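Enquirer: Need the 3D shape of this:
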Amino acid sequence: MRHQVRKVVFPVAGLGTRFLPATKSIPKEILTLVDRPLIQYAIDEARAAGIEQFIFVTSRGKSSLEDYFDDAPHLAAELASGGKTDLLEILEATYMKSGSLAYVRQNRALGLGHAVWCARHLIGSEPFAVLLPDDVIAAEKPCLRQMVEAYGDVGGNMLAMMEVAPERTSSYGVLDVAAEPKRLRPVRGMVEKPPAGEAPSNMAIIGRYILTPSVLEAIGRAAPGSGGEIQLTDAIASEIGRRPVNGFAFEGRRFDCGSKAGFVQATIAFALQRPDLREAVLEIIAETAATRRA
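Expert: Reported below is the predicted structural model:
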(Lines give C-alpha, C1' and ligand atoms only; values in the text may rest on other atoms or scores of the structure.)
Protein backbone atom coordinates (compact mmCIF):
# COMPACT_ATOMS: atom_id res chain seq x y z
CA MET A 1 0.00 0.00 0.00
CA ARG A 2 1.44 3.36 -1.04
CA HIS A 3 1.44 6.34 1.25
CA GLN A 4 -0.77 9.30 0.49
CA VAL A 5 1.06 12.42 -0.70
CA ARG A 6 0.33 14.82 2.16
CA LYS A 7 3.27 17.22 2.11
CA VAL A 8 4.53 19.75 -0.40
CA VAL A 9 7.76 21.75 -0.48
CA PHE A 10 7.83 25.24 -1.99
CA PRO A 11 11.44 26.33 -2.68
CA VAL A 12 11.04 30.12 -2.41
CA ALA A 13 14.47 31.26 -1.19
CA GLY A 14 15.50 32.91 -4.47
CA LEU A 15 16.11 36.65 -4.68
CA GLY A 16 14.05 37.22 -7.81
CA THR A 17 16.70 39.44 -9.37
CA ARG A 18 15.05 39.26 -12.80
CA PHE A 19 12.24 41.37 -11.40
CA LEU A 20 14.27 44.14 -9.79
CA PRO A 21 13.50 46.76 -8.63
CA ALA A 22 10.09 45.31 -7.63
CA THR A 23 11.72 42.46 -5.70
CA LYS A 24 13.92 44.84 -3.74
CA SER A 25 11.14 45.17 -1.17
CA ILE A 26 8.77 42.23 -1.78
CA PRO A 27 9.37 38.54 -2.53
CA LYS A 28 8.85 37.52 -6.14
CA GLU A 29 6.21 35.02 -5.00
CA ILE A 30 3.99 37.92 -3.88
CA LEU A 31 3.95 39.50 -7.35
CA THR A 32 0.40 39.25 -8.68
CA LEU A 33 -1.15 37.74 -11.77
CA VAL A 34 -4.20 40.00 -12.10
CA ASP A 35 -5.11 40.11 -8.38
CA ARG A 36 -3.66 36.92 -6.91
CA PRO A 37 0.00 36.47 -5.98
CA LEU A 38 1.98 33.66 -7.54
CA ILE A 39 2.11 31.80 -4.24
CA GLN A 40 -1.69 31.75 -4.00
CA TYR A 41 -1.92 29.92 -7.33
CA ALA A 42 0.62 27.40 -6.00
CA ILE A 43 -1.20 26.91 -2.69
CA ASP A 44 -4.56 26.47 -4.41
CA GLU A 45 -3.10 23.84 -6.74
CA ALA A 46 -1.61 21.94 -3.80
CA ARG A 47 -4.88 22.09 -1.86
CA ALA A 48 -6.76 20.68 -4.86
CA ALA A 49 -4.33 17.72 -4.84
CA GLY A 50 -5.20 16.88 -1.23
CA ILE A 51 -2.02 18.30 0.32
CA GLU A 52 -2.29 18.88 4.07
CA GLN A 53 1.13 20.23 5.08
CA PHE A 54 2.86 23.09 3.30
CA ILE A 55 6.62 23.57 3.75
CA PHE A 56 8.30 26.77 2.58
CA VAL A 57 12.07 26.92 2.11
CA THR A 58 12.80 30.62 2.53
CA SER A 59 15.67 33.05 3.02
CA ARG A 60 16.24 36.52 4.43
CA GLY A 61 13.70 39.11 3.27
CA LYS A 62 10.74 36.74 2.95
CA SER A 63 8.76 37.86 6.01
CA SER A 64 5.93 39.34 3.93
CA LEU A 65 5.51 35.95 2.27
CA GLU A 66 5.02 34.39 5.69
CA ASP A 67 2.64 37.16 6.78
CA TYR A 68 0.49 36.76 3.68
CA PHE A 69 -1.18 33.62 5.02
CA ASP A 70 -2.02 35.06 8.45
CA ASP A 71 -5.56 36.06 9.41
CA ALA A 72 -6.36 39.75 8.92
CA PRO A 73 -9.04 40.40 11.58
CA HIS A 74 -9.14 44.18 11.20
CA LEU A 75 -9.54 44.01 7.43
CA ALA A 76 -12.11 41.23 7.76
CA ALA A 77 -14.11 43.27 10.27
CA GLU A 78 -14.03 46.29 7.97
CA LEU A 79 -15.29 44.26 5.03
CA ALA A 80 -17.98 42.60 7.13
CA SER A 81 -19.26 45.89 8.53
CA GLY A 82 -19.45 47.28 5.01
CA GLY A 83 -21.42 44.29 3.77
CA LYS A 84 -18.68 43.37 1.28
CA THR A 85 -19.23 39.64 1.55
CA ASP A 86 -17.72 38.87 -1.85
CA LEU A 87 -14.41 40.48 -0.87
CA LEU A 88 -14.58 38.79 2.53
CA GLU A 89 -14.79 35.39 0.83
CA ILE A 90 -11.73 36.24 -1.29
CA LEU A 91 -9.83 37.26 1.84
CA GLU A 92 -10.79 34.12 3.75
CA ALA A 93 -9.52 31.94 0.88
CA THR A 94 -5.99 33.15 1.71
CA TYR A 95 -6.11 31.87 5.29
CA MET A 96 -4.35 28.65 6.22
CA LYS A 97 -5.09 26.33 9.13
CA SER A 98 -2.91 26.74 12.18
CA GLY A 99 -0.09 24.23 12.09
CA SER A 100 -0.42 23.49 8.36
CA LEU A 101 2.45 25.81 7.40
CA ALA A 102 6.12 25.37 8.22
CA TYR A 103 9.15 27.43 7.27
CA VAL A 104 12.81 26.46 7.03
CA ARG A 105 15.76 28.62 5.96
CA GLN A 106 18.19 28.02 3.14
CA ASN A 107 21.07 30.18 4.34
CA ARG A 108 23.13 29.81 1.16
CA ALA A 109 21.92 29.62 -2.44
CA LEU A 110 23.27 26.17 -3.32
CA GLY A 111 20.61 25.10 -5.82
CA LEU A 112 17.17 23.52 -6.00
CA GLY A 113 18.35 20.16 -4.70
CA HIS A 114 19.85 21.78 -1.64
CA ALA A 115 16.68 23.80 -1.05
CA VAL A 116 14.57 20.64 -1.02
CA TRP A 117 17.13 18.91 1.23
CA CYS A 118 16.76 21.72 3.77
CA ALA A 119 13.20 20.47 4.41
CA ARG A 120 14.25 16.86 5.09
CA HIS A 121 13.40 16.85 8.82
CA LEU A 122 9.88 18.07 8.11
CA ILE A 123 9.34 15.58 5.29
CA GLY A 124 10.35 12.51 7.27
CA SER A 125 9.83 9.08 5.73
CA GLU A 126 6.91 9.64 3.38
CA PRO A 127 6.55 10.67 -0.27
CA PHE A 128 6.25 14.39 -0.88
CA ALA A 129 5.58 16.88 -3.66
CA VAL A 130 7.74 19.78 -4.78
CA LEU A 131 6.04 22.72 -6.47
CA LEU A 132 7.86 25.69 -8.02
CA PRO A 133 5.61 28.78 -7.92
CA ASP A 134 7.40 30.27 -10.96
CA ASP A 135 5.73 27.63 -13.10
CA VAL A 136 2.05 28.53 -13.22
CA ILE A 137 -0.09 25.92 -14.97
CA ALA A 138 -3.62 26.69 -16.13
CA ALA A 139 -5.56 23.43 -16.33
CA GLU A 140 -9.12 22.22 -15.93
CA LYS A 141 -7.82 19.65 -13.45
CA PRO A 142 -4.87 21.15 -11.50
CA CYS A 143 -1.52 19.68 -12.55
CA LEU A 144 -0.47 18.34 -9.16
CA ARG A 145 -3.83 16.63 -8.75
CA GLN A 146 -3.31 14.92 -12.12
CA MET A 147 0.07 13.71 -10.87
CA VAL A 148 -1.19 12.52 -7.49
CA GLU A 149 -3.88 10.45 -9.20
CA ALA A 150 -1.33 8.87 -11.54
CA TYR A 151 1.10 8.33 -8.66
CA GLY A 152 -1.44 6.07 -6.97
CA ASP A 153 -0.89 3.55 -9.77
CA VAL A 154 2.91 3.61 -10.07
CA GLY A 155 4.50 5.08 -6.91
CA GLY A 156 8.20 5.90 -6.96
CA ASN A 157 9.26 9.27 -8.35
CA MET A 158 7.35 11.37 -10.84
CA LEU A 159 8.32 14.52 -12.75
CA ALA A 160 6.01 16.77 -14.74
CA MET A 161 7.22 17.17 -18.30
CA MET A 162 6.29 19.05 -21.45
CA GLU A 163 7.54 19.21 -25.01
CA VAL A 164 9.72 22.21 -25.85
CA ALA A 165 11.39 23.35 -29.05
CA PRO A 166 14.77 21.58 -29.55
CA GLU A 167 16.62 24.90 -29.50
CA ARG A 168 15.26 25.61 -26.01
CA THR A 169 16.32 22.38 -24.31
CA SER A 170 19.53 23.97 -22.99
CA SER A 171 17.36 26.03 -20.60
CA TYR A 172 15.78 23.00 -18.89
CA GLY A 173 16.37 19.71 -17.22
CA VAL A 174 15.64 17.23 -20.01
CA LEU A 175 14.39 13.64 -19.75
CA ASP A 176 15.48 10.62 -21.74
CA VAL A 177 12.09 9.03 -22.40
CA ALA A 178 10.52 7.13 -25.25
CA ALA A 179 8.94 9.25 -27.97
CA GLU A 180 5.43 7.90 -27.60
CA PRO A 181 2.05 9.56 -26.97
CA LYS A 182 1.64 8.36 -23.39
CA ARG A 183 1.05 10.58 -20.38
CA LEU A 184 3.24 8.41 -18.16
CA ARG A 185 6.64 7.36 -19.53
CA PRO A 186 9.52 5.58 -17.75
CA VAL A 187 12.61 7.75 -17.47
CA ARG A 188 15.87 6.20 -18.70
CA GLY A 189 18.04 9.18 -17.82
CA MET A 190 18.06 12.94 -17.42
CA VAL A 191 20.45 15.84 -17.81
CA GLU A 192 20.37 19.38 -16.47
CA LYS A 193 20.59 22.09 -19.16
CA PRO A 194 22.36 20.06 -21.85
CA PRO A 195 24.42 21.93 -24.46
CA ALA A 196 22.64 22.69 -27.72
CA GLY A 197 22.25 19.55 -29.83
CA GLU A 198 23.07 17.14 -26.98
CA ALA A 199 19.67 16.76 -25.28
CA PRO A 200 18.36 13.17 -25.08
CA SER A 201 14.87 14.38 -26.11
CA ASN A 202 12.83 17.57 -26.16
CA MET A 203 10.78 16.62 -23.09
CA ALA A 204 11.62 19.20 -20.44
CA ILE A 205 11.10 18.93 -16.69
CA ILE A 206 8.55 21.44 -15.37
CA GLY A 207 8.30 22.53 -11.74
CA ARG A 208 6.15 19.74 -10.32
CA TYR A 209 7.57 16.61 -8.67
CA ILE A 210 6.45 13.73 -6.47
CA LEU A 211 9.48 12.18 -4.78
CA THR A 212 10.49 9.43 -2.40
CA PRO A 213 12.42 10.21 0.81
CA SER A 214 15.41 8.33 -0.62
CA VAL A 215 15.93 11.28 -2.98
CA LEU A 216 16.78 13.36 0.08
CA GLU A 217 19.49 10.86 1.03
CA ALA A 218 20.90 11.09 -2.50
CA ILE A 219 20.96 14.89 -2.28
CA GLY A 220 22.90 14.64 0.96
CA ARG A 221 25.59 12.62 -0.84
CA ALA A 222 25.60 14.71 -4.02
CA ALA A 223 28.48 16.81 -5.28
CA PRO A 224 27.80 20.14 -6.99
CA GLY A 225 26.63 19.67 -10.58
CA SER A 226 25.64 22.05 -13.36
CA GLY A 227 26.33 25.67 -12.41
CA GLY A 228 28.16 24.58 -9.25
CA GLU A 229 24.83 23.85 -7.54
CA ILE A 230 23.33 20.78 -5.89
CA GLN A 231 20.97 19.62 -8.61
CA LEU A 232 17.68 17.91 -7.80
CA THR A 233 17.81 16.12 -11.15
CA ASP A 234 21.09 14.42 -10.23
CA ALA A 235 19.52 12.97 -7.09
CA ILE A 236 16.43 11.78 -8.95
CA ALA A 237 18.59 10.24 -11.67
CA SER A 238 20.31 8.11 -9.01
CA GLU A 239 16.92 6.46 -8.36
CA ILE A 240 16.66 5.08 -11.90
CA GLY A 241 16.90 1.31 -11.78
CA ARG A 242 16.30 1.25 -8.03
CA ARG A 243 12.76 2.69 -7.89
CA PRO A 244 10.24 3.77 -10.51
CA VAL A 245 11.02 7.13 -12.11
CA ASN A 246 8.38 8.40 -14.52
CA GLY A 247 7.80 11.52 -16.56
CA PHE A 248 4.22 12.76 -16.58
CA ALA A 249 2.91 14.75 -19.57
CA PHE A 250 0.30 16.90 -17.87
CA GLU A 251 -2.78 18.46 -19.45
CA GLY A 252 -2.72 22.24 -19.27
CA ARG A 253 -0.87 25.35 -20.33
CA ARG A 254 2.32 26.29 -18.53
CA PHE A 255 3.51 29.86 -18.05
CA ASP A 256 7.11 30.65 -17.13
CA CYS A 257 6.55 33.37 -14.55
CA GLY A 258 10.25 33.40 -13.72
CA SER A 259 10.74 35.56 -16.83
CA LYS A 260 9.26 38.98 -17.48
CA ALA A 261 7.81 38.00 -20.84
CA GLY A 262 6.24 34.87 -19.36
CA PHE A 263 4.80 36.85 -16.49
CA VAL A 264 3.18 39.34 -18.87
CA GLN A 265 1.85 36.49 -21.00
CA ALA A 266 0.33 34.81 -17.95
CA THR A 267 -1.24 38.06 -16.75
CA ILE A 268 -2.98 38.56 -20.09
CA ALA A 269 -4.09 34.93 -20.31
CA PHE A 270 -5.55 34.86 -16.80
CA ALA A 271 -7.22 38.25 -17.29
CA LEU A 272 -8.90 36.96 -20.45
CA GLN A 273 -10.37 34.08 -18.43
CA ARG A 274 -12.11 36.54 -16.13
CA PRO A 275 -15.65 37.53 -17.19
CA ASP A 276 -15.27 40.88 -15.41
CA LEU A 277 -12.08 41.72 -17.31
CA ARG A 278 -12.22 39.91 -20.63
CA GLU A 279 -13.89 42.60 -22.76
CA ALA A 280 -11.77 45.43 -21.33
CA VAL A 281 -8.55 43.47 -21.89
CA LEU A 282 -9.52 42.55 -25.45
CA GLU A 283 -10.19 46.22 -26.14
CA ILE A 284 -6.78 47.17 -24.73
CA ILE A 285 -5.08 44.52 -26.88
CA ALA A 286 -6.89 45.72 -30.00
CA GLU A 287 -6.02 49.35 -29.32
CA THR A 288 -2.38 48.49 -28.68
CA ALA A 289 -2.16 46.43 -31.86
CA ALA A 290 -3.73 49.25 -33.89
CA THR A 291 -1.28 51.76 -32.46
CA ARG A 292 1.63 49.49 -33.31
CA ARG A 293 0.46 49.13 -36.93
CA ALA A 294 0.04 52.88 -37.36
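Enquirer: check contacts around Met190.
Expert: Taking Cβ atoms under 8 Å, 6 or more residues apart in numbering, we find Met190 in contact with 159, 173-176, 200, 205, 233, 236-237. Just so you know, the C-beta spots here come from the backbone N, C-alpha and C atoms, and that holds for glycine as well.
Enquirer: Among these, which are located in helices?
Expert: 233, 236-237 (DSSP state H).
Enquirer: For the residues you listed, pick the one with the most neighbours.
Expert: Neighbour tally across the ones in helices among the contacts of Met190 (other Cβ atoms under 10 Å): the maximum, 26 neighbours, falls on Ile236.
Enquirer: returning to what we had before: I'd like the contacts of Met190 laid out as JSON lines, including pLDDT and distance to Thr58.
Expert: Shown next, in JSON lines, are the contacts of Met190 (pLDDT from 0 to 100; distance: Cβ to Cβ, whole Å):
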{"residue": "Leu159", "pLDDT": "96", "distance to Thr58": "24"}
{"residue": "Gly173", "pLDDT": "88", "distance to Thr58": "23"}
{"residue": "Val174", "pLDDT": "91", "distance to Thr58": "29"}
{"residue": "Leu175", "pLDDT": "93", "distance to Thr58": "29"}
{"residue": "Asp176", "pLDDT": "90", "distance to Thr58": "33"}
{"residue": "Pro200", "pLDDT": "89", "distance to Thr58": "34"}
{"residue": "Ile205", "pLDDT": "94", "distance to Thr58": "23"}
{"residue": "Thr233", "pLDDT": "88", "distance to Thr58": "22"}
{"residue": "Ile236", "pLDDT": "92", "distance to Thr58": "23"}
{"residue": "Ala237", "pLDDT": "91", "distance to Thr58": "27"}
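Enquirer: In strands, which of these appear?
Expert: Secondary structure from DSSP state E places 159, 173-176, 205 of those in strands.
Enquirer: Going through the residues you listed, which ones are buried?
Expert: Among these, those classed as buried by 16 or more other Cβ atoms under 10 Å are 159, 173-176, 205.
Enquirer: returning to what we had before: can you redo the ones in strands among the contacts of Met190 as CSV with distance to Ala222?
Expert: Shown next, in CSV, are these (distance: Cβ to Cβ, whole Å):
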residue, distance to Ala222
Leu159, 17
Gly173, 14
Val174, 19
Leu175, 19
Asp176, 19
Ile205, 17
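Enquirer: And for the closest residue to Gly111 other than its chain neighbours, the neighbour number?
Expert: Excluding the flanking residues, the one nearest Gly111 by Cβ to Cβ, 6 or more residues apart in numbering is Glu229, at 2.8 Å. The tally of other residues near Glu229 (other Cβ under 10 Å) stands at 18.
Enquirer: Contact partners for Glu229?
Expert: 110-114.
Enquirer: Select the longest helix from this protein.
Expert: Determined from DSSP H, the single longest helix within the chain is helix 278-293.
Enquirer: what's that helix in contact with?
Expert: So helix 278-293 is in contact with 268, 271-272, going by Cβ under 8 Å, 6+ apart.
Enquirer: In those, which residue is surrounded by the most others?
Expert: Ala271 (19 neighbours).
Enquirer: Where does that residue sit: helix, strand or coil?
Expert: The three-state label given to Ala271 by DSSP: H, G, I helix; E, B strand; the rest coil is helix.
Enquirer: distance of it from Gln4?
Expert: Noted for Ala271: a distance of 36 Å to Gln4, by Cβ to Cβ, to the nearest Å.
Enquirer: And Ala72, by the same measure?
Expert: 31 Å.
Enquirer: where does the stretch 151-294 of the chain have low pLDDT?
Expert: Applying pLDDT under 70 to the stretch 151-294 of the chain flags the ranges 225-227, 293-294.
Enquirer: who does Trp105 bridge with?
Expert: Careful, residue 105 is Arg and not Trp. Judged by DSSP bridges, the bridge partners of Arg105 are Thr58.
Enquirer: so it makes contact with Thr58?
Expert: Yes. In this structure Arg105 lies within contact range of Thr58 using Cβ atoms under 8 Å: 6.1 Å.
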